[in-house]
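Colleague: pasting a predicted model and its sequence here:
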Amino acid sequence: PVTLMFCDVRGFTTISERLNAEQLTQFLNRLLTPLTNAILNNRGTVDKYMGDAIMAFWNAPLDDREHERNAARAALDMLGELAVLNEQWAAEAASRGEKHVPVRLGIGLNTAECCVGNLGSDLRFDYSVIGDGVNVASRLEGQSKHYGLQVMIGESTAAKAPDLALLEIDLLAVVGRKEPTRVYTVLGNAGVKASPGFTGLAAAHDAMLVAYRARHFDEAETLLVRAAALPAAAPLEGVHRIYAERIAAYRQAPPPDDWNGVAVAEQK
């Protein structure tokens, strides 16, 4: 069992278009160094860099009894490091009379049994991981853009990090898999989870999901409006917009009798 992470820079093509090769190298080094440190400091193993993307995993080569929680904490630390970098980049851009466009990340986490070891050919191999769970982690990272989230977490990972500020987002069938999985996001550490702002948001958001899956769309809409109006709901703006569109669509054309609330991802 391993917990897998895929991390990708949002809008990297746009960023790379305005930088020459040397500037792009400096940008990536400056970004990837603190992100990598956040992974390593939380007992993660960096598998590989793929341009602006990072693949990492936990619980190999050394055992880690809290690999799910450590991976989620690493994701939070990575977002914290990115916030510091964005402040620095904004100050540097202002000194040049330029406007800084904040850099954003998409992170996917998933826990599953996989094959870990030296993989490749007789001539070259890497210490890496393969398995269906790897694909799911990659799909969750891709779906984070659709939901407007920075982190999306699979059910098995979320179940082992109950002390963090987790919210269920959807029951989702990702591309390439028939079986749906409950997906979550993490908004902060234990302190955030205990805060009145988060507890109020979690209660309203969870109640909305229950009403939505029970086909009580009028009630779901009322709860959705209530949840979206809370100050702590800002990170869920994209999620709440998606549910508002779904509710409106199901009012016009109710779902079939065998509908179970599962959303089917159309893109990776």
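Modeller: Okay, I see it.

Colleague: the helices in the stretch 51-200 of the chain, which residues?
Modeller: 67-95, 132-147, 155-159, 190-194, 196-213 (DSSP state H, counting those that start in this stretch).

Colleague: pull out the buried residues from the second one.
Modeller: Looking back up the chat, that one is helix 132-147. For helix 132-147, burial by neighbour count (16 or more other Cβ atoms under 10 Å) applies to 133-147. (C-beta placed from N, C-alpha, C; glycine too.)

Colleague: let me know how buried Trp89 is, in neighbour terms.
Modeller: 17 (other Cβ atoms under 10 Å).

Colleague: now swap in the one 3 residues further on and tell me
Modeller: If you count neighbours by other Cβ under 10 Å, Glu92 ends up with 11.

Colleague: apart from its chain neighbours, what residue comes closest to it?
Modeller: Nearest in space to Glu92, with sequence neighbours left out and distances taken as Cβ to Cβ, 6 or more residues apart in numbering, is His100 at 7.8 Å.

Colleague: point out the most buried one among the helices of the stretch 51-200 of the chain.
Modeller: helix 132-147 (a mean of 23; mean count of other Cβ atoms under 10 Å).

Colleague: avg pLDDT for it?
Modeller: Averaging pLDDT along helix 132-147 gives 94.

Colleague: elements contacting it?
Modeller: Helix 132-147 is packed against strand 2-9, strand 105-112, strand 151-154, strand 166-173, strand 181-186, helix 237-252, with contacts defined by 3 or more Cβ pairs under 8 Å, 6 or more residues apart in numbering; DSSP states H and E.

Colleague: between the helices of the stretch 51-200 of the chain, which one is nearest to Phe6?
Modeller: Closest approach to Phe6 among those is made by helix 132-147 (3.9 Å; Cβ to Cβ).

Colleague: how about residues contacting that closest one?
Modeller: Residues outside helix 132-147 that contact it (Cβ atoms under 8 Å, 6 or more residues apart in numbering): 2, 4-8, 10, 106-114, 150-154, 169-170, 172, 174-177, 181, 183, 185, 238-239, 242, 265, 267-268.

Colleague: run the chain-centre distance for that helix.
Modeller: 8 Å (Cα atoms, centre = their mean, to the nearest Å).

Colleague: ok so, going back, give the PyMOL command for selecting the buried subset of the contacts of helix 132-147.
Modeller: In PyMOL syntax, the buried subset of the contacts of helix 132-147 is picked out as below (16+ other Cβ under 10 Å):
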select buried, resi 2+4+5+6+7+8+106+107+108+109+110+111+112+114+150+151+152+153+154+169+170+172+174+181+183+185+239+242+265
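
Colleague: noted, bye for now.
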